[in-house]
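Participant: got a predicted structure here, sequence first:
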Amino acid sequence: MTPAIKSSHSLPDSPFFKSIAWSGPDIHTKEAKSLLAEFNEILKKYDNTPRRFLTDFTGEAYRLILESTFVDLSSYEETLKSHFGRDEWRSWYEKFIPLVNRSVREILTIVE
């Protein structure tokens, strides 16, 4: 079970989005990790959503985790549409996706 994450940016009962991408067991980890820095710079241009990137070296594969907090689900959906519609994001994604074996998204509620 994932522990609740407290942040000065989080709002009570706000949706918490977690995206986890699995890279192969150390095949493309350095390249994928460097692309996260590029991804973060792209995101910063268009919104100020509180987010953080984490890595996990345990388990069956290397995991890259993106955590974001939104005011509500509508804000989450609008942000996704905005980013996915940008050529800059699509260009980045085309470089990143070959490095990922699988991924999952979770939408959680922060309870404080």
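Facilitator: Received the coordinates, thanks.
Participant: tally of neighbours for V104?
Facilitator: Burial of V104 is recorded as 10 neighbouring residues (other CB atoms under 10 Å). (Glycine included, C-beta is placed from N, CA and C.)
Participant: dig out what it forms beta bridges with.
Facilitator: Each beta-bridge partner of V104 is listed here: I20, as defined by DSSP bridges.
Participant: from I65, how far off is it?
Facilitator: Applying CB to CB, to the nearest Å, the value for V104 to I65 is 10 Å.
Participant: can you name the element that comes right after the helix of greatest length in the chain?
Facilitator: As assigned by DSSP state H, the longest helix anywhere in the chain is helix 29-46. Reading on from helix 29-46 to the C-terminus, the next helix or strand found by DSSP states H and E is strand 51-56.
Participant: shaky segments in this protein?
Facilitator: Counting by pLDDT under 70, the chain contains low-confidence ranges at 1-28.
Participant: which positions in the longest helix of the chain come out as buried?
Facilitator: By neighbour count on 16 or more other CB atoms under 10 Å, the buried set for helix 29-46 is T29, A32, L35, L36, F39, L43.
Participant: grab the most central residue of the chain for me.
Facilitator: Closest residue to the average C-alpha location of the chain: L66 at 2.5 Å, with CA atoms, centre = their mean.
Participant: can you tell me the helix or strand for it?
Facilitator: Short version, using DSSP H and E: L66 is in strand 62-69.
Participant: alright, calling it a day.
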